[in-house]
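>>> below are the sequence and a predicted model for it; my questions follow.
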Amino acid sequence: MSENNQLRDVFDAIADPTRRRLIRLLAEAEEIPLHELTAQFPMGRTAVSKHLTILKEAGLVLDRKVGRETRFRLNAAPLREIQDWVAFYSNFWRTNMLRLNQLLEEEEE
C-alpha cells in the first residue's frame, strides 16, 4: 500500500478491461458524471459503479457530489507504481537485447 492509504492494489484494479476503459475515459475529461460513464458501457449503472468503487479503493478515482449527481475524475498518481514497474522491465529487456546483440556480433567476427 502506498501513502494514499489504498485499500486495493493498483495492479489488481487495472487488471479488468472495463476498469482500464474507465480510466481512459476519465483521463480524457476533467470530470464525468456517472450517467455519462454508464452510457459508454453495455452494462447497467450498478455494474459501472462497482468498477468505479474498485478504482476508488485503489486511489485511482475521486468523486464528488453535485446535487443528486456524482461526478468522477482520475487521480493518476497511483499509476506511477505501474510506470515504475514497466520501466524496470523495459530496462531489463533493453540491457539483455544489447548483450545478445554484442554476443552475435562477436560470433560474426
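Structure received.
>>> residue 32 and residue 71, how far apart?
7 Å (CB to CB, to the nearest Å). Glycine gets a C-beta too; all of them are placed from N, C-alpha and C.
>>> now the helices for the protein?
Assigned by DSSP state H, the chain shows helices spanning 10-14, 17-27, 34-38, 45-57, 79-108.
>>> how near is the residue nearest to residue 26 when sequence neighbours are not counted to residue 35?
Excluding the flanking residues, the one nearest residue 26 by CB to CB, 6 or more residues apart in numbering is residue 74, at 3.8 Å. Remark: distance between residue 74 and residue 35 (CB to CB) = 18 Å.
>>> just residue 101 next, same as before
In terms of CB to CB, residue 101 sits 53 Å off from residue 35.
>>> and residue 7, by the same measure?
For residue 7, the distance to residue 35 - CB to CB - is 26 Å.
>>> got it, and residue 88?
40 Å.
>>> still on that earlier bit, looking at residue 74 and residue 35, which is more packed in?
residue 74 (21 against 11; other CB atoms under 10 Å).
>>> roughly how far is stretch 24-35 from the heart of the chain?
Distance, stretch centre to chain centre, for stretch 24-35: 14 Å (CA atoms, centre = their mean, to the nearest Å).
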